[in-house]
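Asker: coordinates for the following, if possible.
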Amino acid sequence: MQLSLSAPFVSRSLARRGAMVIAPVLLAWLMISVGGPATAQSGPMVFDRNLSVRTIVSNLNQPVTMAFLGPNDFLITEKATGQVKRVVNGSVTATALDLAVNNNSERGLLGIALHPDFASTHWVYLYWTCRTAAAPTPNTPQIECPPTPPLGADSTNALETALLGNHVDRFVWNAASSSLTFDKNIIRLHAFQFDATNGIARGNHNGGVIRFGPDGKLYIIIGDNGRRGQLQNLVNGPFGPGIPDDQFGGPAPDDAHFTGVIIRLNEDGSTPADNPFVNVTQAANPEALANIHKVYAYGVRNSFGMAFDPESGELWDEQNGDDSFDEVNRVEPGSNLGWIQVMGPVSRVAQFKQIETTLATQDLQQLRWPPTNIADTPDEALSRLFMLPGAHYNDPEFSWKFAVAPAAIGFLEGRALGPQYSGDLFVGAARTTLDAGYLFHFNITGNRRKIGVEDPRLEDRVADNSAKFDPTESETIRFGTGFGVGTDIQTSPSGTLYVVSLSNGAVYEVFRNR
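Answerer: Prediction:
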């Protein structure tokens, strides 16, 4: 699914214990061309009269994600400018860093995470897309950006990035000067998209959310970047045996095709000894084998939301379909999440095929594996999955028949909004066309493994809406509206809910009335 800045994210609402709420807003900043700070269309609101919303800071330029330094003190990233800004008591007090980013489509400064022992290490991790000095010949891109991150001017040119232009880097925070200093690169990932077979350059499906888990490991999600290889469940690539994924090779998960995955790393970028595929011993080449060892889960199309359940410690994500079956997943170690063979429950694969072969462009965006290839039966789809030793497939916990475009997800820790919301999941929107950005709310069942529902229409955990971006069967999970494209959802140090709005250029706080 693609998104333009003029098509803001959607959110959902309302749900009580047992009533589930999912945010159908896909943060596909995919088609976002950068301009100045976005203007809020209308003020956000929530439907619970015991709660209110206030603006913490505004006039930001496409803010994406944030990290709390303390009460009323946080860092926030801007996708388009590559800047990390410090906000204290509602005012921007400093620009801590200004990276030279490629912000074409869904690229830019996309993720931030503080080290679990930040008070001692002062380490800040950033996911960003580097820019190169000039556009290369399309078939011969620069392989990597300089080892020390370039600063300053940004680029909207789809070709002005490196083949491995998505970086996760570690910086050191200096509180006295409110500045970030480069420390080391953690990993370089695929970014450059130009396929010689169709002559199209793109900048989408970069993912970009990074989180430290309760295990102290760093989790990174990257979308498929349009690749069609083994980690997208095409063992021999999109065209069959012996034909590469694109002009850069493939389909094995070498560095140029290591996409569509959730990666789990140690704080220094090394591979944890207990990763789910660390015992795999055979791959096409040593580079591909090393990448397989880094994988926590695969079969990911694209995502703008990833969060850990504060009560169970388990990882959840949202994933965006093309025209059908956006998902909310509980991600286990070794999960194969199905893409490109499956989106939504595998029992609905015939609907997946029917929608993708009849709606819109009918090409799953990238052209090298058309939707006419989708399986006709669940058994056929499952038989096609590329299963690494120890991998397992699991259906999403919730999905929408037609794409609604969800974005950020986040759990509320504590009872500051009321005990009925404690531990619940909130989902933001990737489009503003649905009521200027819904916020959705889901109750999680007592065992923390499923989404609880009271609406009988949602007992199958699928919202059977009737068209793309139609919110039918999401009415009971609507929590608020007017939030725009919701790119981050965080619990504040005081227990309130913070929502970052890329399209409104603002950060909002949901709080309980006194």
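Asker: now the strands for the stretch 351-500 of the chain?
Answerer: Along the stretch 351-500 of the chain, the segments classed as strands by DSSP state E, counting those that start in this stretch run 392-393, 398-402, 406-411, 425-429, 439-444, 451-452, 462-463, 478-481, 486-491, 497-501.
Asker: buried residues in the helix or strand encompassing residue 507?
Answerer: Per DSSP states H and E, residue 507 falls inside strand 506-512. Residues 506, 507, 508, 509, 510, 511 are the ones in strand 506-512 that count as buried (16 or more other Cβ atoms under 10 Å). The C-beta positions use only the backbone N, C-alpha and C, and glycine is treated the same way.
Asker: can you pull the contacts of the closest residue to the third one other than its chain neighbours?
Answerer: For residue 508, the nearest residue in space outside its immediate sequence neighbours is residue 499; the separation is 4.7 Å by Cβ to Cβ, 6 or more residues apart in numbering. Shown here is residue 499, whose contacts under the criterion Cβ atoms under 8 Å, 6 or more residues apart in numbering are 44, 408, 426, 428, 439, 483, 486, 488-489, 507-510.
Asker: 10 Å instead?
Answerer: 11, 44, 53, 56, 66, 408, 410, 426, 428, 437, 439, 480, 483-484, 486-490, 506-510 (Cβ atoms under 10 Å, 6 or more residues apart in numbering).
Asker: any idea what it is bridged to?
Answerer: Counting by DSSP bridges, residue 499 is bridged to residue 489, residue 508.
Asker: in the chain, which residue is most central in space?
Answerer: residue 304 (2.1 Å; Cα atoms, centre = their mean).
Asker: please report the distance of it from residue 271.
Answerer: 26 Å (Cβ to Cβ, to the nearest Å).
Asker: which one of the strands of the stretch 351-500 of the chain lies closest to residue 92?
Answerer: Distance to residue 92, taken as Cβ to Cβ, is lowest for strand 497-501 among the strands of the stretch 351-500 of the chain, at 14.0 Å.
Asker: what angle do that closest one and strand 486-491 make?
Answerer: Angle between the axes of strand 497-501 and strand 486-491 is 160 degrees (criterion: axes from the mean of the first three to the mean of the last three Cα atoms, to 10 degrees).
Asker: who's the nearest residue to residue 468 once chain neighbours are set aside bridged to?
Answerer: Spatial nearest neighbour of residue 468, excluding adjacent residues (Cβ to Cβ, 6+ apart): residue 402 at 4.7 Å. Using DSSP bridges, the bridge partners assigned to residue 402 are residue 324.
Asker: what sits against residue 402?
Answerer: Neighbouring residues of residue 402 by Cβ under 10 Å, 6+ apart: 24, 321, 323-326, 351, 355, 359, 463-470, 472.
Asker: check the gap between it and residue 100 for me.
Answerer: Distance from residue 402 to residue 100, by Cβ to Cβ: 38 Å.
Asker: what does residue 469 give?
Answerer: Distance of residue 469 to residue 100, given as Cβ to Cβ: 35 Å.
Asker: then residue 163?
Answerer: Note on residue 163: its distance to residue 100, by Cβ to Cβ, is 17 Å.
Asker: now swap in residue 433 and tell me
Answerer: Here residue 433 is placed at a distance of 32 Å from residue 100 (Cβ to Cβ).
Asker: which one's more surrounded, the two?
Answerer: Set residue 433 next to residue 100 and count neighbours by other Cβ atoms under 10 Å: residue 100 wins out with 19 against 16.
Asker: show the pLDDT at the more buried one.
Answerer: On pLDDT, residue 100 comes in at 98.
Asker: how about the contacts made by it?
Answerer: Counting by Cβ under 10 Å, 6+ apart, residue 100 makes contact with 82, 128, 130-133, 145-146, 149-155.
Asker: what is the burial count for residue 233?
Answerer: Residue 233 has 23 nearby residues by other Cβ under 10 Å.
Asker: so what's it up against?
Answerer: Residues near residue 233 by Cβ under 10 Å, 6+ apart: 260, 298-299, 336-342, 381, 384-387, 393.
Asker: among these, name the buried ones.
Answerer: 260, 298-299, 336-342, 381, 384-386, 393.
Asker: is residue 321 in contact with residue 303, as I believe?
Answerer: No: applying Cβ atoms under 10 Å as the test, residue 321 and residue 303 come out as separate, 11.2 Å apart.
Asker: any stretches of the stretch 301-450 of the chain with poor pLDDT?
Answerer: Applying pLDDT under 70 to the stretch 301-450 of the chain flags residues 434.
Asker: repeat the analysis, applying 80 as the threshold.
Answerer: For the stretch 301-450 of the chain, the stretches with pLDDT under 80 are 433-436.
Asker: residue 145: neighbour count?
Answerer: Residue 145 sits with 25 neighbouring residues when counted by other Cβ under 10 Å.
Asker: what sits against it?
Answerer: In this structure, residue 145 makes contact with 100, 102, 129-133, 161-167, 185, 188, 191, judged by Cβ under 10 Å, 6+ apart.
Asker: all strands for the stretch 1-150 of the chain, in order.
Answerer: For the stretch 1-150 of the chain, the strands defined by DSSP E, counting those that start in this stretch occupy 45-46, 51-57, 63-70, 73-78, 83-88, 91-98, 109-114, 123-129.
Asker: circling back to that earlier point, which of the buried ones among the contacts of residue 233 lies closest to residue 137?
Answerer: Ranked by distance to residue 137 (Cβ to Cβ), the buried ones among the contacts of residue 233 are led by residue 260 at 26.5 Å.
Asker: list the contacts for that closest one?
Answerer: Taking Cβ under 10 Å, 6+ apart, we find residue 260 in contact with 190, 205, 207, 221-233, 253, 295, 297-303, 337, 339-340.
Asker: one more time with 8 Å, if that's ok
Answerer: Each residue near residue 260 by Cβ under 8 Å, 6+ apart is listed here: 222, 223, 224, 225, 227, 231, 232, 298, 299, 300, 301, 339.
Asker: redo those as CSV? Include distance to residue 495.
Answerer: Listed next are the contacts of residue 260 as CSV, based on distance: Cβ to Cβ, whole Å:
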residue, distance to residue 495
222, 31
223, 32
224, 36
225, 37
227, 41
231, 38
232, 40
298, 35
299, 35
300, 31
301, 34
339, 36
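Asker: pick out the most distant pair among those residues.
Answerer: Spatially, the most separated pair among the contacts of residue 260 is 225 and 299, at 14.2 Å (Cβ to Cβ).
Asker: the helices in this protein, which residues?
Answerer: Secondary structure of the chain, counting by DSSP state H: helices at 118-121, 286-294, 349-356, 378-384.
Asker: for burial, what's the neighbour tally of residue 478?
Answerer: 26.
Asker: cool, and residue 347?
Answerer: 14.
Asker: in terms of secondary structure, what does the lengthiest strand in the chain contact?
Answerer: Assignment by DSSP state E gives strand 179-189 as the longest strand of the chain. Counting contacts by 3 or more Cβ pairs under 8 Å, 6 or more residues apart in numbering; DSSP states H and E, strand 179-189 packs against strand 91-98, strand 123-129, strand 166-174, strand 218-222, strand 261-265.
Asker: residues making contact with the fourth one?
Answerer: When you say that, I think you mean strand 218-222. Under the contact criterion Cβ under 8 Å, 6+ apart, strand 218-222 has outside partners 111, 113, 125, 127, 166, 168, 186-187, 189-190, 206-213, 258-267, 296, 300, 303, 306, 315, 317.
Asker: can you say which of those residues are buried?
Answerer: Counted by 16+ other Cβ under 10 Å, the contacts of strand 218-222 give 111, 113, 125, 127, 166, 168, 186-187, 189-190, 206-212, 258-265, 267, 296, 300, 303, 306, 315, 317 as buried.
Asker: can you flag the buried ones in the contacts of residue 402?
Answerer: By 16+ other Cβ under 10 Å, the contacts of residue 402 give 24, 321, 323-326, 351, 355, 359, 463, 465, 468-470 as buried.
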